[in-house]
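S.K.: model the structure of this input:
(one chain, ligands or ions: 1)
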Amino acid sequence: MSQATLAFIGAGNMASAIIAGLVNNDYPAEFILATNRTPGKLHALKEQYGIRTGSDNLSAAREAQVVVLSVKPQIMREVASSLRAALSHKPLIISVAAGISLEALNHWLGEDLPIVRAMPNTPSQLGVGACGLYANPHASAVQKTLAERIMQAVGTTLWVDKEELIDAVIAVSGSGPAYFFLFMEAMVEAGVKLGLTQQQALDLAGQTALGAARMVQESGLPPAELRRRVTSPKGTTEQAILTFEQQGLRQLTLEAMRACATRAKTLAAELSHIPTSEEEHGK
Ligand SMILES: NC(=O)c1ccc[n+]([C@@H]2O[C@H](COP(=O)([O-])OP(=O)(O)OC[C@H]3O[C@@H](n4cnc5c(N)ncnc54)[C@H](OP(=O)(O)O)[C@@H]3O)[C@@H](O)[C@H]2O)c1
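M.R.: Numbering: from 1, shown residues only. Predicted structure coming up:
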């Protein structure tokens, strides 16, 4: 399976990032196919990575052992339903679309297909993404490993064992980059109020975020322990931490992430809606 033919249906930001990561990690370009609605992005991908491109979703899917669905969630129903006729060889399907349930994919693509739902995030575009994965029972161990390898081209991956946990993944890593952007924004504003220039505050905040993230990843220590180690009693950091704690940062974070997960559920219900036969026949 190491040289499975991969077909990316939709060659936008996420597909391009995964393709770049795969080729840069020596996945043979001749085993990567991409299709797109308009040709501009395909020319660029072909030119830069030497992959194969085309405009026919069905013939790409027919040839592939893995079909990566990388179109926007709003058009997934139309694209997936049209692919149905090209999937009788039961390729592995990987959907990176936020908010599209396995039930809906099954309904649109046809039953019994091995499907992996992947929830990547924006830093994937720099190869430092974090991606949650969930597989349906039709996906074999080999196919799950392959899905993992594909998504690891743009960052780290982890499996969740219930589909509803994808909403928790969205709350932590899917939407998470924006929480850090907001916090950095607030730090920069505060730094400016304390007398730094905007650029100075931005440089310090950005490098500090990077340094703190690397310490969490590379020290093997929990964030709470790292925080304790830099918080001396009666020191400067302690004053800031006490203020955050007293003003309810933890509760606020919990409420924000619950709101995010609830919204993910609602959006998924809307985007993955399978019409009843009455609805389908306009009754
Ligand atoms: N970007 C992220 O950081 C991120 C993070 C998590 C999940 N995702 C998921 O990744 C998926 C793609 O997102 P994206 O940001 O990559 O969007 P995008 O840049 O808009 O890419 C979607 C691509 O699909 C193409 N397309 C539309 N209809 C098509 C069709 N019928 N057949 C073939 N291709 C078609 C579009 O072509 P045109 O060029 O003609 O418009 C576009 O290039 C979404 O489902 C999103 O939820 C993205």
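S.K.: how many neighbours does whichever residue of the stretch 101-250 of the chain sits closest to the ligand have?
M.R.: Using Cβ to the nearest ligand atom, the closest approach of the stretch 101-250 of the chain to the ligand is made by Thr122 at 3.9 Å. For every residue, glycine as well, the C-beta is placed using N, CA and C. When neighbours are defined as other Cβ atoms under 10 Å, Thr122 has 18 of them.
S.K.: what about the closest residue to it other than its chain neighbours, which SS state?
M.R.: Leaving out its chain neighbours, the residue that sits closest to Thr122 by Cβ to Cβ, 6 or more residues apart in numbering is Pro177, at 5.3 Å. Three-state assignment for Pro177 (DSSP: H, G, I helix; E, B strand; the rest coil): helix.
S.K.: Pro177 - how many residues pack around it?
M.R.: Pro177, neighbours per other Cβ under 10 Å, totals 14.
S.K.: quick one: contacts for whichever residue of the stretch 1-150 of the chain sits closest to the ligand?
M.R.: The ligand sits closest to Gly12 of the stretch 1-150 of the chain, with a gap of 1.7 Å, by Cβ to the nearest ligand atom. Shown in contact with Gly12 (Cβ atoms under 8 Å, 6 or more residues apart in numbering): 36, 41, 70-72.
S.K.: out of those, which one sits closest to Ile115?
M.R.: Closest approach between the contacts of Gly12 and Ile115, by Cβ to Cβ: Ser70, at 14.1 Å.
S.K.: would you agree the closest one is in contact with Gly10?
M.R.: Yes - between Ser70 and Gly10 a contact is recorded at 4.2 Å, counting by Cβ atoms under 8 Å.
S.K.: and the closest residue to Met187 other than its chain neighbours, what pLDDT?
M.R.: Spatial nearest neighbour of Met187, excluding adjacent residues (Cβ to Cβ, 6+ apart): Ala205 at 4.5 Å. Looking at Ala205, its pLDDT stands at 98.
S.K.: which strand or helix spans Ala205?
M.R.: Under the criterion of DSSP states H and E, Ala205 resides in helix 198-219.
S.K.: so for that helix, what gets flagged as buried?
M.R.: Neighbour-count burial for helix 198-219 flags 201-202, 205 (criterion: 16 or more other Cβ atoms under 10 Å).
S.K.: what sits against the residue nearest to Thr122?
M.R.: Contacts of Pro177 (Cβ under 8 Å, 6+ apart): 121-123.
S.K.: quick one: it from Met184, how far?
M.R.: 10 Å (Cβ to Cβ, to the nearest Å).
S.K.: how about the buried residues of helix 198-219 in TSV, adding distance to Lys46?
M.R.: Output for these, formatted as TSV (distance: Cβ to Cβ, whole Å):
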residue	distance to Lys46
Ala201	43
Leu202	37
Ala205	39
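S.K.: and of those, the nearest to Ile115?
M.R.: So of the buried residues of helix 198-219, ranked by how close each gets to Ile115 (Cβ to Cβ), first place is Ala205, at 40.4 Å.
S.K.: contacting residues for that closest one?
M.R.: Contacts of Ala205 (Cβ under 8 Å, 6+ apart): 184, 187-188, 191.
S.K.: mind listing the helices for the stretch 1-150 of the chain?
M.R.: For the stretch 1-150 of the chain, the helices defined by DSSP state H, counting those that start in this stretch occupy 13-24, 40-49, 57-63, 76-83, 102-109, 141-151.
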